[in-house]
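Student: next input, structure requested:
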Amino acid sequence: MKCPHCGAENPEGVKFCGECGKPLQNEQICPQCSHANPPGVKFCHECGHQLSQPVSQKPPATTKPSTTEPTSFANGRYQVKKKLGEGGKKKVYLAHDTRLDRDVAIYLIKTENLDETGRTRILREAQAMARLGDHPNIASIHELGDHEGQPYMVAPLISGGDVETLIEKAPDHKLTLDRTIEIAKAVCKGLEFAHSKGIIHRDIKPGNVMLSADGTAKINDFGLAMAIDVSRLTME
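Tutor: Below you'll find the model as predicted:
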């Protein structure tokens with residue numbers, strides 16, 4: 001069975017490509033529960049999550065994202081507490097999940113100058129992250145959503161910062177050998193698991209390795225930066 005996305009050959013009967021990790025059939029994968037639904041279904045058969053918006057609600061490709069900072073996401077479920085940071089590709093917010101009474105991190109993806117194809121590619125990459133979230137050395141995803149035409153991801157709040165910051169604060173900007181080996185082993189375990197699922201990160205760096213409260217290293221942003229860059233290049 002040939003993958004319609006990358007052209008790789010796969011065994012008959014498998015649902016995802018072993019080369020790029022994308023669905024082989026025209027099934028709609030629910031971002032809430034990962035259930036595979038038939039084409040054209042508007043709501044997930046397994047959990048009832050909305051799979052697609054009515055055409056009239058979709059923003060046009062040329063719509064610019066709002067310049068005001070969001071105060072909530074998902075119709076008020078996630079109440080924004082504060083903005084944690086902003087990079088070239090995303091904004092990060094600390095928010096409170098009012099339904100489950102817990103704090104979460106929300107990554108709002110910047111989509112300026114992206115067409116619908118670019119947004120779809122980003123969504124697929126985020127779904128790949130969600131499928132890998134069961135591994136202890138990979139940052140998981142709770143939910144995917146859309147805020148005024150911009151995709152966002154809801155993720156667990158990882159309170160230990162990232163390895164880049166850890167290095168910056170270390171004496172002489174160097175970690176001990178034991179700590180370096182510990183982080184490297186954790187990253188290798190996470191990458192090995194991802195590769196076994198046919199997914200390649202493509203942007204490993206200290207800033208993309210997060211640390212939990214107990215110091216466990218977790219790989220973040222699986223392929224997302226590459227997906228955004230490629231999408232922008234196709235528009236130029």
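Student: residues near the closest residue in space to residue 92 that isn't next to it in sequence, how many?
Tutor: The shortest distance from residue 92 to any non-neighbouring residue, by Cβ to Cβ, 6 or more residues apart in numbering, is to residue 84 (4.4 Å). For every residue, glycine as well, the C-beta is placed using N, CA and C. Residue 84: 14 surrounding residues under other Cβ atoms under 10 Å.
Student: and residue 84, what element?
Tutor: Taking DSSP states H and E as the criterion, residue 84 maps to strand 78-86.
Student: each with direction, which strands does that strand pair with?
Tutor: Here strand 78-86 has these sheet partners by DSSP bridges: strand 72-73 (antiparallel), strand 90-97 (antiparallel).
Student: contacts for the shortest one next, please.
Tutor: Outside of strand 72-73, the residues within contact range by Cβ atoms under 8 Å, 6 or more residues apart in numbering are 78, 79, 80, 95, 106, 145, 147, 152, 154.
Student: and with 6 Å instead?
Tutor: 79, 106, 147 (Cβ atoms under 6 Å, 6 or more residues apart in numbering).
Student: so for that strand, mean pLDDT?
Tutor: What strand 72-73 shows for mean pLDDT is 96.
Student: which one of the contacts of strand 72-73 is nearest to residue 120?
Tutor: residue 147 (16.6 Å; Cβ to Cβ).
Student: not counting its neighbours along the chain, what's nearest residue 190?
Tutor: Nearest to residue 190 is residue 137, by Cβ to Cβ, 6+ apart, at 3.5 Å.
Student: just want the most central residue of this structure.
Tutor: residue 126 (3.5 Å; Cα atoms, centre = their mean).
Student: so which strand or helix has it?
Tutor: helix 116-131.
Student: give me the buried positions along that helix.
Tutor: 118-119, 121-131 (16 or more other Cβ atoms under 10 Å).
Student: which neighbours in the sheet does the helix or strand just after that helix have, and how are they oriented?
Tutor: Using DSSP H and E, the helix or strand that follows helix 116-131 in sequence is strand 143-147. Strands adjacent to strand 143-147 in the sheet, as given by DSSP bridges, are strand 150-156 (antiparallel).
Student: the strand it pairs with to helix 116-131, inter-axis angle?
Tutor: Strand 150-156 runs at 10 degrees relative to helix 116-131, counting by axes from the mean of the first three to the mean of the last three Cα atoms, to 10 degrees.
Student: how far out from the middle of the chain is strand 150-156?
Tutor: In terms of Cα atoms, centre = their mean, to the nearest Å, the centre of strand 150-156 is set 7 Å apart from its chain centre.
Student: that strand: what's the following helix or strand?
Tutor: helix 163-169.
Student: circling back: buried residues in the strand holding residue 84?
Tutor: By neighbour count on 16+ other Cβ under 10 Å, the buried set for strand 78-86 is 78, 80.
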